[in-house]
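S.K.: One predicted model, sequence on top.
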Amino acid sequence: MTLPKSFFAPIIRINRRIKQRADERHVRSELQLLHGPAVTRLSDDQVALIIVGRDISYFLEHHIQHHLALGVSHVVYVDNGSTDNSIEIAKRFSNITIASCTADFRLHQGRIRYLANTYFLKGGWRLAIDPDELLDYPESDRIDLPELTRRMNARGHSAMVAQMLDMVFDGPASAAASIDFSQAERLFDRYSLAAIRKVPYHESGLPWAWFLEQNKTSNRDILIFFGGLRHAAFGEDCCLTKHALFRMGKGVIPHPHPHVTTGVICTDFSAALKHYKFAGDTLKREKKLLAENRIAHGETQLRVAKMEREVDINLGRYAECRGPAVERLIDQGFLRISNAAREMLS
């Protein structure tokens, strides 16, 4: 007698929950506070910057400085076993909590990110992005993050979608290795809007579409992006869209997928995450990631293979645009903003 699949479904669900709880206990046991307050309570308009990283000393100082200047109130840095001086750099800042979590990032990325967003903070908003990304948004020169969140709160919006924009410069990769991150922000002024695949937010058919279905959107013109410059240069079908800024609250789950937070209402304008993956000694960093087997996807292999074939690759030749001002990105259709959002930000 062959039992139907439905007979085994409850057993599979129970085993999955048992494994999930075991994984949660394991990751929590690997989380250790190193520096700063164990718990920080944020007011309704305050924003905490959340960083999870390993050997990110090249990016870390300028990344934190950039977002403090935008109005971040507190920083949480969870270090995943750095062998460089990332932790020492982080300790230079006040209003920072530093923790270590040595759980395998490849296997436990979601749980590590969840704890980084929730374990050391109560209330407020999270700016949860990678250390090679710098946020920019409409009117950022005169509206800081606390004021932005106050205005979003008033309209019932609890998240902001950001589109990643790969920034490169017109020169050989070997020259980039000697440029520090603060200089790279100025010199890496080329980008591409070609080869971007655009998918409706709620009609994507993506393997992780279920996560998006848990959210509400306020502007149907804000889409999910893939590809871009990295597709043109390396053949990657990388996701470029993130829920970068979001308010914690009942039913909100940070990063069950690396690019998605669930239980949020997305506002009606998008932001730019200027992405400096190719600043500094990219090939050295990427080969280290491969050697440590820390990445589950195949995008790193694609980049390393091409950069080893073309030692002095000039990514500027894949970038048809220059000068990524937010208003220009809106005019070019990369970012979207409704008339109501314009009025709210005026």
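M.R.: Cool, got the structure. Numbers count the residues shown, from 1 in each chain.

S.K.: Now the most centrally placed residue in the chain. Nearest residue, chain neighbours left out?
M.R.: Centroid check for the chain by CA atoms, centre = their mean gives I129 as the closest residue, at 3.2 Å. Nearest non-adjacent residue to I129, counting by CB to CB, 6 or more residues apart in numbering: A244, 5.3 Å away. C-beta: built from backbone N, CA, C; applies to glycine.

S.K.: Looks like the one you found contacts L134 (just checking).
M.R.: No. A244 lies out of contact with L134 (CB atoms under 8 Å); the separation is 10.8 Å.

S.K.: So which of these two has more stuff around it?
M.R.: Remark: of A244 and L134, A244 carries more neighbours, 25 against 22, as counted by other CB atoms under 10 Å.

S.K.: can you tell me which residues contact the residue nearest to I129?
M.R.: L127, A128, I129, L135, M160, V161, A162, A271, L273 (CB atoms under 8 Å, 6 or more residues apart in numbering).

S.K.: next one: V52
M.R.: By CB under 8 Å, 6+ apart, the neighbours of V52 are Y77, V78, N80, I112, R113, A116.

S.K.: and it, which of the three is it?
M.R.: Here V52 is recorded as strand under DSSP: H, G, I helix; E, B strand; the rest coil.

S.K.: Identify the bridge partners of it.
M.R.: Taking DSSP bridges as the rule, V52 bridges to V78.

S.K.: quick revisit: quick one: which of the contacts of A244 sit in helices?
M.R.: Among the contacts of A244, no residue falls in helices (DSSP state H).

S.K.: Which one of those is nearest to S192?
M.R.: L273 (15.1 Å; CB to CB).

S.K.: Look up how far H35 lies from that closest one.
M.R.: As defined by CB to CB, to the nearest Å, L273 lies at a distance of 27 Å from H35.

S.K.: more crowded one of these two?
M.R.: Set L273 next to H35 and count neighbours by other CB under 10 Å: L273 wins out with 22 against 14.

S.K.: count of neighbours near R25?
M.R.: With other CB under 10 Å as criterion, R25 counts 10.

S.K.: make that G251, sorry
M.R.: 8.

S.K.: cool, I64 as well?
M.R.: I64, neighbours per other CB under 10 Å, totals 21.

S.K.: on contacts alone, who are the packing partners of the strand or helix carrying it?
M.R.: Using DSSP states H and E, I64 sits in helix 57-69. Contacts defined by 3 or more CB pairs under 8 Å, 6 or more residues apart in numbering; DSSP states H and E place helix 57-69 against strand 47-53, strand 74-79, helix 86-90, strand 133-136, helix 181-187.
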